[in-house]
Each structure stands twice: as structure tokens, then as C-alpha cells.
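Chemist: Predicted model and sequence below, questions to follow.
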Amino acid sequence: MKIGVVTFPGSLDDVDAQRAVRLGGNEAVALWHGEHDLKGVDAVVLPGGFSYGDYLRCGAISRFSPVMAEVVEAAQRGMPVLGICNGFQILCESHLLPGALIRNDHRKFVCRDQRLRVERTDTPWTSAYSAGQEITVVLKNGEGGYVADEATLDRLEGEGQVVARYVEHNPNGSLRDIAGVSNERGNVVGLMPHPEHSVESLTGSGTDGLGFFTSLVEAVLA
């Protein structure tokens, strides 16, 4: 599959995401924030970083970039979209996902190997995992605390939209230990940890993150 990886001014992990896409058996296509062109891709990844310098609010300016108009429209038609860290923030700012990401409760940047439990496995990005499977992936953020009102949190829990949850340690104060959520349809997923940094055994925390990039291929071949 052709998976587009968007580069915004301030993106840090776009090249890493492209590599993870290729290791997952897909074709990586570079997309530029200033263009109204998704180049015929089958899915989109919004990578981590500090898009537009995180001015105003994380993801707040990126939400209005030309490429995001195309991403929003494609996502509403059902195209799979994965937002990682800053990409998760952009998806929330674009109202493709509910809730918001705020400064870590301890007010410090955190960088660690983080244990997660995969809660939802019927999305295009998580079908390679089994429900309840625990994995370890890299986490690095300063504004990674997921928040929403109680009604929204209850709805996410009740409708199975919590994709991943922190286990053993909550690194940023996210409500209900939420590390990632999806929209109702399941094609849009936001994840605060960085699976693209956990795709090779030689470096990082291992290969537990690779499933986020092989799931699309496995779904097509199934």
C-alpha cells in the first residue's frame, strides 16, 4: 500500500515514519504540508515533532495547513489516518478525534520506553495485535496528557474507542491512562507513543511498534 507521511515545518520524525512504513511492507510517499495533493495514497501518517514550532498550541496551526484540508476530507470518506504524538495533537485540533492533549502533569519532558496495552484491534492500524496484548514502544513528549470531559471519556470507553492504554506507569497524567484513541469508524487513530521508533531490534526498545505499520498490509491480504 502507498502510505503518505506528511512533513510540516518542525516535523522531527517524518523520516523515521517513512522508514517504518517501508519496514512494514508498504511504499512511503512524502507529502508536503503546503500542498493540496495526497498523491493517490491509500493511507496517511501524521508524524511527531513540533509542527510550526507548536506556536499558539500544539497542532493548532498545522490544522489549517493546505494538506490537512485533504486529509480531513479523505478521513471522512474512510481513509486510514494515523497521528503519532504531534500528529495526535493535530488530529484532535482538526476535530477528527475527540479530546485534547495538554502539558504533562509533572511539567517535564519525558523520554522513555513505555509499556502499553493494546485495547482495540479492529482498526487498520492495530489489526496485527491481539486484544489485551502488552507491548513496549518509545514515548517522548512534553504535552502528552490526554484529557476530555467525563461524558466523552465514558463514550470512548463504552464504544471501544480507546486504542491503547499506559500500563505499569502513567507518564504524563493522561486521564484513565489513555495512550491512544480512534474515531467511531476506527479508520482514524491517534497515539501519543512513537511506534516508528520501535521497529528494529538493533536499536530502540525492540520491534513491538512494527505492528502499526504491518496491519494495513495484513488487512488487505486477509
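Modeler: Nice, thanks for sending it over. Numbering: from 1, shown residues only.

Chemist: which stretches of the protein form helices?
Modeler: Counting by DSSP state H, the chain has helices at residues 14-23, 66-77, 86-93, 150-158, 211-221.

Chemist: Please save the CA atoms from stretch 52-72 in CSV.
Modeler: Taking Å, rounded to 0.1, in the frame of the first residue of the first chain, the C-alpha atoms of stretch 52-72 are listed here in CSV:
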residue,chain,number,x,y,z
TYR,A,52,5.0,25.2,13.2
GLY,A,53,7.0,25.4,16.4
ASP,A,54,4.0,24.5,18.4
TYR,A,55,3.0,28.2,18.4
LEU,A,56,-0.4,29.0,19.9
ARG,A,57,-1.0,25.4,20.9
CYS,A,58,0.4,22.1,19.7
GLY,A,59,-1.1,21.3,16.3
ALA,A,60,-3.3,24.4,16.2
ILE,A,61,-1.6,25.9,13.2
SER,A,62,-1.0,22.7,11.4
ARG,A,63,-4.7,22.0,11.5
PHE,A,64,-5.1,24.9,8.9
SER,A,65,-2.3,23.8,6.5
PRO,A,66,-3.4,23.0,3.0
VAL,A,67,-2.7,19.3,3.2
MET,A,68,-4.9,18.9,6.2
ALA,A,69,-7.9,20.0,4.3
GLU,A,70,-7.3,17.0,2.0
VAL,A,71,-6.6,14.7,5.0
VAL,A,72,-9.8,15.7,6.8
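
Chemist: let's number from 55 now, not from 1
Modeler: New numbering, starting at 55: the last item is stretch 106-126.

Chemist: Report the mean per-residue pLDDT for that stretch.
Modeler: Average pLDDT, stretch 106-126: 92.

Chemist: in it, what counts as buried?
Modeler: 106, 108, 112-117, 119, 121-122, 124-126 (16 or more other C-beta atoms under 10 Å). Bear in mind the C-beta positions are built from the backbone N, C-alpha and C, glycine included.

Chemist: returning to that earlier point: which among the helices of the chain is found nearest to G244?
Modeler: Taking C-beta to C-beta, helix 140-147 is the member of these nearest to G244, at 3.5 Å.

Chemist: circling back: same list (the buried residues of stretch 106-126) but as a markdown table, adding distance to G88.
Modeler: Putting these into a markdown table (distance: C-beta to C-beta, whole Å) gives the following:
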| residue | distance to G88 |
| --- | --- |
| Y106 | 11 |
| D108 | 18 |
| C112 | 19 |
| G113 | 16 |
| A114 | 17 |
| I115 | 12 |
| S116 | 11 |
| R117 | 14 |
| S119 | 7 |
| V121 | 7 |
| M122 | 11 |
| E124 | 12 |
| V125 | 13 |
| V126 | 16 |
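
Chemist: Can you pull out the low-pLDDT segments for the protein?
Modeler: Per-residue confidence for the chain (pLDDT under 70) gives these ranges: 272-276.

Chemist: Run through the strands of it in chain order.
Modeler: 56-61, 81-86, 97-100, 135-138, 154-156, 164-172, 188-195, 199-201, 216-220, 232-236, 242-245 (DSSP state E).

Chemist: got a list of contacts for the longest one?
Modeler: In other words, strand 164-172. 158, 180, 183-196, 198, 217-223, 225-226, 233, 247, 258-259 (C-beta atoms under 8 Å, 6 or more residues apart in numbering).
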